[in-house]
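>>> A predicted structure for the sequence below; I have some questions about it.
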Amino acid sequence: MIEKALHGSSKYWAWLAFLGVLIALGGACYLYQLKHGLGITGMSRDVSWGVYIAQFTYLVGVAAGAVMLVIPELLHRYHTYEKVVVFGEFLAIAAVTMCLLFIVVDIGQPARLFNVLLHPTPNSILFWDMIVLNGYLLINIIVGYNTLLSNYKRVPVPKWVKFFAYVSIPWAFSIHTVTAFLYCGLPGRHSWLTAIMAPRFLASAFAAGPALLIILLLIVRKVSKFDPGDRALQSIAKTVCYAMIANLFFVALELFTAFYSNIPGHMHGLKYLFWGLKEHGHLYDQLVPWMRSAMLLGLVGIGILLIPPLRRQTKFLVIACAAIVYSTWADKGVGLVIGGFVPNPFEEVMEYHPTFPEISIAIGIWAVGAFILTVLYKVAIAVREQELS
Amino acid sequence: MGIDRRKFLKIAGVSSLVTLGGGASLLALNSPAGASHGEVEHHAEGEEVKAPEKGVKRWGMVIDMRKCSEHKDCTKCIDACHYVHNVPHFENRKEEVKWIWKEEYEKAFTDIGTLHKYNPKEIVEEKFLCLCNHCDHPPCVRVCPTKATFRRPDGIVAMDYHRCIGCRFCMAACPYGSRSFNWKDPRLGLRGRKLNPEFPTRMRGVVEKCNFCVERLAQGLKPACVEACPDGVLVFGDLNDPDSEIRKVLAENYTVRRKPELGTAPSVFYII
């Protein structure tokens, strides 16, 4: 079945070659980082996590989003998703792989990575994050691959595979809950110290993952004979809409608690993100455009998805999903992590500016994810096309 | 319809066991030292790790700012520390590594209770020495995924530079900004400087911070900063020993600590 990935049009190969170039560029920059250390990035004593950990956090959400298809299919027997679920699982595989790579490139001594296993430390949330992420990757490989293989061989999906599919449901919730715990259990980082972090992460994940999936499925429809079906796409779109409303509602709750209580520590982080902080007469507001556009486009996305005649038009559906993907990415992949370090523990504003090699490495990892996704989707499409014939 | 007494007690017993078990495991997760929280009296500042055993030391430090502020430009303690530990110096603030340094009052004490605009001018303009607080409940130790940073029985929060993977979770967790990362090869920041061959330099990609001069304490010496200060600003000693000098100073002066509301229980005290 895997060999299907080796037969493709020239466009397919050109796309993979393009991704290969990006991967090579990122790889070269990573070698540079290995030689000179993380000093080549924009990270500092004050903002000690940057683009890498931010992308990691966002992609954990994308990976968890796949469960929004598994639940209806498995628990509610909503068979409209039957042929589509595997695309969600493959998206999860690509996303978790990117997550793990982003952790590896962020580490100062990558050769010592296995110290996490040699000296297991259950009181560290990072230890649990390692377990849930690797477990989720494994589960999705098992379920995705074997489901597709059964389809390919035209036999029913074995029961043991179903077992892992059921396990994947709570597991998906766990990956993003544990990732939220990385942040929300730290004293002294006011913008992260909020009990609503995990639910907000989940809400934004269940919007981001499925929204990205809709765009991918529309591309699949365009480049292949397999049609995921309007009914499936519209159902996913409704899920995206609900989740995004919950996400923005949670943002509003954060704002209310911080500003109505009027506790400076709670307000500073949000002020920095949405209005900028003034220090020594200078207004530090580089994240403001990102955060405001994120909120605005999030509302635009919800608006379109709430109006059925608009949602049913592919053009508007794409706009809505793209807006929500951007919104959730800017919120989590830019604002949340970097904003959490500003102001620093001395109430000083130290801004963070990612460098060229840092961004190249991040793009390289995204390209790895796109590469994996393309190859997996190629196989899935081949199997679906074979079913049609 | 009815639950008899026996059945009720059974259910109540089992469910309270489950609740206690769950709660206890959560608390255990929260405290690597394995303190049993249930036995300790409620206290606004958080509980003590455990009652001191006889002969067990608990190192602590008092910084007397009344004396320190008389010598505004003095950096003797900082120089001594950074020499003894080969702490690199980088001009670019982004790459900064520091173990002990001076910070303005409102930056060192961000807990709002001590901040207001009517504070005496000399206090507001004073520069306060900042270093690792060697907390009783160190968040850095709680989050470290490899036990590369750990709390010794004498209260010192130490680092194993050979085990640290450089994930910088401890830097995110430390509420005092006491930790530095080696963004570059630290030897680049040591060029042209007298080195101390007794203490190793670090490699890039690991986190470092004040170690309360654990290597000097082992030899019966005082920390380098304490020894270097000619004005008796720094008092170092065993907090568990009621007859120690530090306990005397703490008993005779009103002292504050940085961000006590976070429950980390720092062992560095300031006389304002």
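Looks like it arrived, so ask away.

>>> Quick check: A:H36 vs B:V226, distance?
Relative to B:V226, A:H36 is positioned 37 Å away (CB to CB, to the nearest Å). From N, CA and C alone the C-beta is placed, and that goes for glycine too.

>>> Those two: which is more packed in?
For the pair A:H36 and B:V226, the greater number of neighbours falls to B:V226 (21 against 15), based on other CB atoms under 10 Å in any protein chain shown.

>>> Which of the helices or strands spans that one?
helix B:224-228 (DSSP states H and E).

>>> Please report how far the spatially most central residue of chain A lies from A:G8.
With distances taken as CA atoms, centre = their mean, chain A has A:L59 as the residue nearest its mean C-alpha position (2.3 Å). Noted for A:L59: a distance of 26 Å to A:G8, by CB to CB.

>>> what about the host helix or strand of A:K35, distance to the chain center?
If you go by DSSP H and E, A:K35 is part of helix A:10-36. Averaging C-alpha positions (CA atoms, centre = their mean, to the nearest Å) puts helix A:10-36 21 Å from its chain's average.

>>> Summarise which helices and strands it is packed against.
Judged by 3 or more CB pairs under 8 Å, 6 or more residues apart in numbering or on different chains; DSSP states H and E, helix A:10-36 is in contact with helix A:356-388.

>>> for the helix it packs on, packing partners?
When contacts are defined as 3+ CB pairs under 8 Å, 6+ apart, helix A:356-388 packs onto helix A:10-36, helix A:51-64, helix A:85-106, helix A:125-153, helix A:197-223.

>>> Only the buried residues of the third one, if you could.
Spelled out, it's helix A:85-106. A:85-99, A:101-103, A:105-106 (16 or more other CB atoms under 10 Å in any protein chain shown).

>>> Over to the last one?
Within helix A:197-223, the residues that qualify as buried are A:197-214, A:216-218, A:220-221, counting by 16+ other CB under 10 Å.

>>> what about the closest residue to B:R204 other than its chain neighbours, how many neighbours?
Leaving out its chain neighbours, the residue that sits closest to B:R204 by CB to CB, 6 or more residues apart in numbering or on different chains is A:G37, at 4.0 Å. Counted with other CB under 10 Å, the neighbours of A:G37 add up to 22.

>>> same question, B:K67
Counted with other CB under 10 Å, residues neighbouring B:K67 total 14.

>>> how much space is there between it and B:E126?
Going from B:K67 to B:E126 by CB to CB gives 11 Å.

>>> and what of B:I156?
Separation of B:I156 from B:E126 (CB to CB): 27 Å.

>>> right, is stretch B:102-120 up against chain A?
Yes - Stretch B:102-120 lies within reach of chain A by CB under 8 Å from any CB of the partner chain, at B:E103, B:E106, B:K107, B:A108, B:T110, B:I112.

>>> Which one of the residues you listed is nearest to chain A?
Within those, proximity to chain A (CB to the nearest CB) peaks at B:K107, which comes in at 3.9 Å.

>>> residues in contact with the closest one?
A:F346, A:E347, A:E348 (CB atoms under 8 Å, 6 or more residues apart in numbering or on different chains).

>>> ok, now with 6 Å
When the contact criterion is CB atoms under 6 Å, 6 or more residues apart in numbering or on different chains, the partners of B:K107 are A:F346.

>>> Please apply the same query to A:S124.
B:V143, B:C144, B:P145.

>>> Next step: those restricted to helices.
Members of the contacts of A:S124 lying in helices (criterion: DSSP state H): B:V143.

>>> got JSON lines for the contacts of A:S124, with neighbour count, pLDDT and distance to A:H353 too?
Formatted as JSON lines, these follow (neighbours: other CB atoms under 10 Å in any protein chain shown; pLDDT from 0 to 100; distance: CB to CB, whole Å):
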{"residue": "B:V143", "neighbour count": "24", "pLDDT": "96", "distance to A:H353": "26"}
{"residue": "B:C144", "neighbour count": "29", "pLDDT": "96", "distance to A:H353": "28"}
{"residue": "B:P145", "neighbour count": "24", "pLDDT": "96", "distance to A:H353": "28"}
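
>>> Throw the contacts of A:S124 into TSV and include distance to chain A, thanks.
Formatted as TSV, the contacts of A:S124 follow (distance: CB to the nearest CB, whole Å):
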residue	distance to chain A
B:V143	5
B:C144	6
B:P145	4
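
>>> which one of the contacts of A:S124 is nearest A:L74?
Distances from A:L74 to those, taken as CB to CB, are shortest for B:P145 (33.1 Å).

>>> thought the closest one was touching A:F114?
No - counting by CB atoms under 6 Å, B:P145 sits too far from A:F114 to count as a contact (11.3 Å).

>>> for stretch B:257-272, the distance to its chain's centre please.
The chain centre lies 9 Å from the centre of stretch B:257-272; the measure is CA atoms, centre = their mean.

>>> Straight-line length of it, end to end?
10 Å (CA to CA, to the nearest Å).

>>> and B:D79, how many neighbours?
Neighbours of B:D79 (other CB under 10 Å): 14.

>>> Also the one 10 residues further on?
The burial count assigned to B:H89 is 15, neighbours taken as other CB under 10 Å.

>>> now it, nearest residue through space, not along the chain?
B:H89 sits nearest to B:G189 (CB to CB, 6+ apart), 5.0 Å away.

>>> cool, B:P88 as well?
Spatial nearest neighbour of B:P88, chain neighbours left out: B:G189 (2.7 Å); criterion: CB to CB, 6+ apart.

>>> For chain A, what's the nearest residue on chain B?
Nearest to chain A in chain B, going by CB to the nearest CB, is B:G166, at a distance of 2.0 Å.

>>> near chain A, which residues of chain B?
B:29, B:32, B:94-96, B:107, B:110, B:139, B:142-147, B:163, B:165-169, B:171-173, B:175-177, B:180, B:183-184, B:204-205, B:262 (CB under 6 Å from any CB of the partner chain).

>>> In CSV, list the C-alpha atoms belonging to stretch B:175-191.
The C-alpha trace of stretch B:175-191 is given here as CSV (Å, rounded to 0.1, in the frame of the first residue of the first chain):
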residue,chain,number,x,y,z
PRO,B,175,9.7,33.7,39.5
TYR,B,176,12.9,35.6,40.4
GLY,B,177,14.7,35.6,37.0
SER,B,178,17.6,33.9,38.8
ARG,B,179,18.6,31.5,36.0
SER,B,180,20.8,32.1,33.0
PHE,B,181,21.2,30.0,29.9
ASN,B,182,24.4,29.6,28.0
TRP,B,183,23.2,30.8,24.6
LYS,B,184,26.8,30.8,23.4
ASP,B,185,30.0,29.0,24.4
PRO,B,186,30.6,30.6,27.8
ARG,B,187,34.4,30.6,27.2
LEU,B,188,33.8,33.3,24.6
GLY,B,189,32.7,35.5,27.5
LEU,B,190,35.7,34.6,29.6
ARG,B,191,38.4,35.7,27.1
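
>>> Check the burial of B:M61 by counting its neighbours.
B:M61: 24 neighbours (other CB under 10 Å).

>>> quick one: buried residues of the helix holding A:K35?
Buried residues in helix A:10-36 (16+ other CB under 10 Å): A:W15, A:L16, A:L19, A:L22, A:I23, A:L25, A:G26, A:G27, A:C29, A:Y30, A:Q33.
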